[in-house]
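Q: following is a predicted model, sequence given first.
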Amino acid sequence: MNSTYVSSAIPTTAPALAPSTWLSTAVTLAQRALNTVVQWQEREIQRRQLMTLDARILTDMGMSRADAVAEYEKPFWRS
């Protein structure tokens, strides 16, 4: 019996990336994660400060107390 072996054109392993590429990717992901956490913290602080403002200042900003409360009650990850 005669059989012919045909190799696949799709490589079985991914090409190796240079170590500098991996490092660059890791640094980029770490920076993005850190930036996200900092943004979440700043948002939380700003929402707490918003609740300390009186009605006159909120009105000057074009907000009502209900608007301020709605903003304060949002989860920190929502803008």
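A: Nice, I can see it. Only a predicted model underlies this, so the values are computations on that prediction, with no experimental measurement involved.

Q: list the buried residues for the helix ranked longest in the chain?
A: Residue-count comparison of every helix in the chain, with assignments taken from DSSP state H, identifies helix 19-51 as the longest. When neighbours are counted by 16 or more other Cβ atoms under 10 Å, the buried residues of helix 19-51 are found to be R43, L50. Yep, even glycine has a C-beta here, placed from its N, CA and C like the rest.

Q: now do that helix: distance to the chain's middle.
A: Relative to its parent chain, helix 19-51 has a centroid offset of 7 Å by Cα atoms, centre = their mean, to the nearest Å.

Q: which residues touch stretch 50-57?
A: Stretch 50-57 is contacted from outside by M61, R65, A68, V69, E71, Y72, using Cβ atoms under 8 Å, 6 or more residues apart in numbering.

Q: same question, stretch 69-77
A: The list of residues contacting stretch 69-77 from outside it, by Cβ under 8 Å, 6+ apart, reads W40, Q41, R43, E44, R47, R48, L50, M51, M63.

Q: now tabulate these in CSV and tack on distance to S79.
A: Putting these into CSV (distance: Cβ to Cβ, whole Å) gives the following:
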residue, distance to S79
W40, 10
Q41, 14
R43, 7
E44, 12
R47, 11
R48, 16
L50, 14
M51, 17
M63, 16
